[in-house]
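Novice: No letters, just coordinates:
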């Protein structure tokens, strides 16, 4: 705790400071001021928990100073000291709830006892304040949740929470909903989220506005900004900038600002309008703030979009026409960028077909790849794409890799291709065995092992382990997956055995590899 000593006599201040072991009392910083005005300035700057001050001082007396400090630091505890037994001063001290009144000449033991008592009172106040803050935040969050469902005039919870808000919510209160969408779960970042809400309230206070917030469906934060007057479009942009700046520490995000409405019965409509805007966020660059103004400015350009893009891509791949394939992707990108006529899932469905088309083309040309993905891995790849731009970039890279591999591929034995293809589709099965592989290619187990080793220089088990480890390395790059989950996804039900195998392959444990990868 910090203690401020305010007295116009320097000898008194230095004498008090030197005569007491402050650390034993839990005081780690002692501040000084020589009169009431300097005491007020020091209190504003350093926020001391305890103030030990003289009553009579030049320029501003102790009573006047503490009356002003109480307005800005209501939890600060006061101890008065004076050489005058003045009843009026005693009355003022009691009115200000001073914890004690010490007469001069000062007794160090009396000061120690008074400070110890003040410290106990400070802790009690802090505990009480935290409890009140938590209760207030909990009610604010519950009210915010109620505002995300259609208004019901008979909703007693809504009325109850509204009455408890400070300032109270009236029929003339204006609401503007902001929704922040993140690309990952917010569960590990709850302290950061509550901190952002508190900081936003500090930011809004000079503008006579307040904020309540609630988390919805793991990766969404809903903020309701409310006040007696509607925020201007420029101030809405400032709020969005504030949220974006603070949410950037939690990762990629989008922000949607709903329409401003008047009255608690209309608050849901502001939330609903933000939800509608957010549905199109996928087609915009990450960290964009979406408002109705953006959609008014955005005009969709007409493009000669093909009726069946997957069929057009199949034709370009089968004829090895890279120029046609690249041009097709440019047309698709132009058609969907900043689009707000389609839902993201409609576009994702198309891209899933395009990824499958590329995989089929790789198989037809016997292009094996340890990083190549089957249907499960395509889904994983798409889930990791927070924006349409990211998704399209992945498709472009896969297309580029296809033509590179096809142009530089050496003819691989058909049986070896079938074996590798089978492993790529079944590596996640813990029971996958040489017998399963040999049955797939209609050869004996002993012959398959010998043949594979002669053709590739690796045993089947070495290749299978390598494939699983490479896939595990990819998954460790995505913090959404727990290591135990990754273990089972690459064919290891025993997490310890997976850890040993991974360390043997990479020289690092899975957690060490992830830390190095994400640092």
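Specialist: Nice, thanks for sending it over. What you are looking at is a predicted structure, and each value in this text was computed from that prediction instead of being measured.

Novice: For the helix or strand hosting residue 194, what is the distance to the chain centroid?
Specialist: Element membership for residue 194 (DSSP states H and E) is helix 190-204. From the chain centre to the centre of helix 190-204 is a distance of 12 Å (C-alpha atoms, centre = their mean, to the nearest Å).

Novice: One more: stretch 43-62?
Specialist: Relative to the mean C-alpha coordinate of its chain, stretch 43-62 is positioned 42 Å out (C-alpha atoms, centre = their mean).

Novice: coming back round to it: mind giving me the packing neighbours of the helix holding residue 194?
Specialist: Secondary structure elements in contact with helix 190-204, counted by 3 or more C-beta pairs under 8 Å, 6 or more residues apart in numbering; DSSP states H and E, are strand 209-216, strand 220-227, helix 233-247. (Glycine included, C-beta is placed from N, CA and C.)

Novice: Just name the most buried of those.
Specialist: Among these, the stretch with the highest mean neighbour count (mean count of other C-beta atoms under 10 Å) is strand 220-227, at a mean of 22.

Novice: who does that one touch, helix- and strand-wise?
Specialist: Using 3+ C-beta pairs under 8 Å, 6+ apart, the elements in contact with strand 220-227 are helix 108-146, strand 174-182, helix 190-204, strand 209-216, helix 233-247, helix 267-278.

Novice: tell me what the helix or strand residue 362 falls within is packed against?
Specialist: Here residue 362 is covered by helix 344-364, with elements defined by DSSP H and E. With contacts defined as 3+ C-beta pairs under 8 Å, 6+ apart, the secondary structure elements packing on helix 344-364 are helix 309-318, helix 375-383, helix 388-408.

Novice: Deepest in the core, which of those is it.
Specialist: Highest mean neighbour count of the helices and strands packed on helix 344-364: helix 309-318, a mean of 18 (counted as mean count of other C-beta under 10 Å).

Novice: Quick one: mean pLDDT for the following helix or strand past that one?
Specialist: Proceeding C-terminally, helix 309-318 gives way to helix 322-336 as the next helix or strand, assigned by DSSP H and E. Helix 322-336 comes out with an average pLDDT of 91.

Novice: and the angle for helix 322-336 with helix 309-318?
Specialist: For the pair helix 322-336 and helix 309-318, the angle between their directions (axes from the mean of the first three to the mean of the last three C-alpha atoms, to 10 degrees) equals 160 degrees.

Novice: which residues touch helix 322-336?
Specialist: For helix 322-336, the surrounding residues in contact (C-beta atoms under 8 Å, 6 or more residues apart in numbering) are 283, 301, 303-306, 309, 312-313, 315-317, 342, 347, 350, 388, 392, 395-396, 399, 403.

Novice: what about 6 Å?
Specialist: Helix 322-336 has contacts (C-beta atoms under 6 Å, 6 or more residues apart in numbering) with 303, 305, 309, 312, 313, 316, 347, 388, 392, 399, 403.

Novice: hang on, isn't the fourth one packed against residue 306?
Specialist: The one in question is residue 312. Yes: Residue 312 is in contact with residue 306 according to C-beta atoms under 6 Å; the separation is 4.8 Å.

Novice: hey, where'd the helices end up in the stretch 401-519 of the chain?
Specialist: Across the stretch 401-519 of the chain, reading from the start of the chain, the helices by DSSP state H, counting those that start in this stretch fall at 414-426, 434-440, 445-456, 460-476, 483-489, 495-506, 510-518.

Novice: and those as TSV, adding distance to residue 48, mean neighbour count and mean pLDDT?
Specialist: Rendered in TSV, the data for the helices of the stretch 401-519 of the chain read as follows (distance: least, C-beta to C-beta, whole Å; neighbours: other C-beta atoms under 10 Å; pLDDT from 0 to 100):
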stretch	distance to residue 48	mean neighbour count	mean pLDDT
helix 414-426	67	17	87
helix 434-440	74	16	92
helix 445-456	74	15	91
helix 460-476	49	19	89
helix 483-489	48	17	91
helix 495-506	52	16	92
helix 510-518	42	15	86
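
Novice: Out of the ones you listed, flag the one nearest residue 289.
Specialist: Nearest to residue 289 among the helices of the stretch 401-519 of the chain is helix 510-518; the distance by C-beta to C-beta comes to 27.3 Å.

Novice: other SSEs contacting the closest one?
Specialist: Under the contact criterion of 3 or more C-beta pairs under 6 Å, 6 or more residues apart in numbering; DSSP states H and E, helix 510-518 touches helix 495-506.

Novice: what about the helix it packs on, distance to the chain center?
Specialist: Using C-alpha atoms, centre = their mean, the offset of helix 495-506 from its chain centre is 31 Å.

Novice: Make JSON lines out of the helices of the stretch 401-519 of the chain and add distance to residue 153.
Specialist: As requested, the helices of the stretch 401-519 of the chain are exported to JSON lines (distance: least, C-beta to C-beta, whole Å):
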{"stretch": "helix 414-426", "distance to residue 153": "57"}
{"stretch": "helix 434-440", "distance to residue 153": "64"}
{"stretch": "helix 445-456", "distance to residue 153": "73"}
{"stretch": "helix 460-476", "distance to residue 153": "50"}
{"stretch": "helix 483-489", "distance to residue 153": "46"}
{"stretch": "helix 495-506", "distance to residue 153": "54"}
{"stretch": "helix 510-518", "distance to residue 153": "50"}
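
Novice: Of the ones you listed, which is nearest residue 287?
Specialist: Closest approach to residue 287 among those is made by helix 510-518 (19.9 Å; C-beta to C-beta).

Novice: That closest one to helix 495-506, inter-axis angle?
Specialist: 50 degrees.

Novice: quick one: contacts of helix 510-518?
Specialist: When contacts are defined by C-beta under 6 Å, 6+ apart, helix 510-518 is touched by residues 476, 477, 483, 499, 502, 506.

Novice: Could you check how many residues crowd around the second one?
Specialist: When counting by other C-beta atoms under 10 Å, one arrives at 12 neighbours for residue 477.

Novice: The nearest residue to it once chain neighbours are set aside and residue 491, how far apart?
Specialist: Taking C-beta to C-beta, 6 or more residues apart in numbering as the measure, residue 477 lies nearest to residue 517, with 5.4 Å between them; neighbours along the chain are not counted. To residue 491, residue 517 is 21 Å away according to C-beta to C-beta, to the nearest Å.

Novice: Perfect, I'm done here.
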